[in-house]
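Engineer: no sequence for this one, just the structure:
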Ligand SMILES: CC(C)(COP(=O)(O)OP(=O)(O)OC[C@H]1O[C@@H](n2cnc3c(N)ncnc32)[C@H](O)[C@@H]1OP(=O)(O)O)[C@@H](O)C(=O)NCCC(=O)NCCS
């Protein structure tokens, strides 16, 4: 199998390629089909947020390229749904200053997915470290499903310095519990134990 190639795409290319990226998301996460139009609309909107950057791994063939993994993020800001919900909860649980130290100048990783056929080959780690490299923000934050045993995603995040800011957090509107995780930038060297 030819090795997938990594490239950065801008917001417009991201929006044009959303159906292919959603295919990777579906293969990786198996979400309920009813959620897909909403997810598509959210991802489309995210592409216009400040500091938006996206990287995609593609399998290239004579007739074109198929995405097999992607990541994107943007600069967190007041008025964004995720930012405001997490800021409120973190302030309530740990105080305003604590929330501000994590969210006051934060890069938000919104989605990271690798197609199951390509998992376990280092693509996810490269996507994450590439997106976070050279960011000027103080921190990087994200949310991830809370499961027992711990998910591969959570293990990946821990390995580069993320730790839990909120555990067992249920976002408004229902759904499963999430962990909100954060790391100081620059990320810890790959495979270094997370520093607290
Ligand atoms: C999480 C995900 C993006 C990781 O991508 P990947 O390409 O498979 O991961 P990598 O091969 O780069 O591995 C990076 C690290 O992830 C963790 N990891 C990967 N696969 C794992 C597994 N099967 N079990 C436990 N940990 C695993 C390990 O910490 C690994 O580091 P190591 O190889 O040094 O042990 C991918 O598994 C995925 O898409 N999962 C489903 C969707 C998802 O959960 N997305 C994240 C949403 S927040």
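Structural biologist: Thanks, I have it. Please read these numbers as outputs of a predicted model, since none were measured by experiment. Numbering: from 1, shown residues only.
Engineer: what packs against the lengthiest helix in the chain?
Structural biologist: Scanning the chain for the helix with the most residues, using DSSP state H, yields helix 81-94. Under the contact criterion of 3 or more CB pairs under 8 Å, 6 or more residues apart in numbering; DSSP states H and E, helix 81-94 touches helix 96-103, strand 106-114, strand 139-145, strand 163-169, strand 178-184. In this view, the C-beta of every residue, glycine as well, is placed from N, C-alpha and C.
Engineer: now tabulate the ones you listed in TSV and tack on mean pLDDT, mean neighbour count and distance to residue 48.
Structural biologist: Shown next, in TSV, are the helices and strands packed on helix 81-94 (pLDDT from 0 to 100; neighbours: other CB atoms under 10 Å; distance: least, CB to CB, whole Å):
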stretch	mean pLDDT	mean neighbour count	distance to residue 48
helix 96-103	98	16	20
strand 106-114	98	23	13
strand 139-145	98	21	20
strand 163-169	97	16	26
strand 178-184	98	21	23
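Engineer: quick one: which of those is nearest residue 7?
Structural biologist: strand 106-114 (15.3 Å; CB to CB).
Engineer: from the protein, which residue is nearest to the ligand?
Structural biologist: Per CB to the nearest ligand atom, residue 124 is where the chain lies closest to the ligand, at 2.1 Å.
Engineer: hang on, the earlier thing: could you dump the helices and strands packed on helix 81-94 to TSV with distance to the ligand?
Structural biologist: Formatted as TSV, these follow (distance: least, CB to the nearest ligand atom, whole Å):
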stretch	distance to the ligand
helix 96-103	17
strand 106-114	4
strand 139-145	4
strand 163-169	13
strand 178-184	9
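Engineer: tell me which of these sits nearest to residue 14.
Structural biologist: Closest of those to residue 14 is strand 106-114, at 10.6 Å (criterion: CB to CB).
Engineer: the closest one pairs with which strands, and in what direction?
Structural biologist: strand 64-75 (antiparallel), strand 139-145 (parallel) (DSSP bridges).
Engineer: what's the angle between the first one and helix 81-94?
Structural biologist: In other words, strand 64-75. Going by axes from the mean of the first three to the mean of the last three CA atoms, to 10 degrees, strand 64-75 is angled at 40 degrees with respect to helix 81-94.
Engineer: and for the last one?
Structural biologist: Using the same axes, to 10 degrees, the inter-axis angle of strand 139-145 relative to helix 81-94 is 90 degrees.
Engineer: who touches strand 139-145?
Structural biologist: Residues external to strand 139-145 that are found in contact with it (CB atoms under 8 Å, 6 or more residues apart in numbering): 73, 76, 82, 86, 101-103, 105-110, 112, 132, 151, 153-154, 157, 162, 165, 169, 171, 176-185, 187.
Engineer: mind putting the helices and strands packed on helix 81-94 into JSON lines with distance to residue 34?
Structural biologist: Formatted as JSON lines, the helices and strands packed on helix 81-94 follow (distance: least, CB to CB, whole Å):
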{"stretch": "helix 96-103", "distance to residue 34": "31"}
{"stretch": "strand 106-114", "distance to residue 34": "19"}
{"stretch": "strand 139-145", "distance to residue 34": "18"}
{"stretch": "strand 163-169", "distance to residue 34": "23"}
{"stretch": "strand 178-184", "distance to residue 34": "20"}
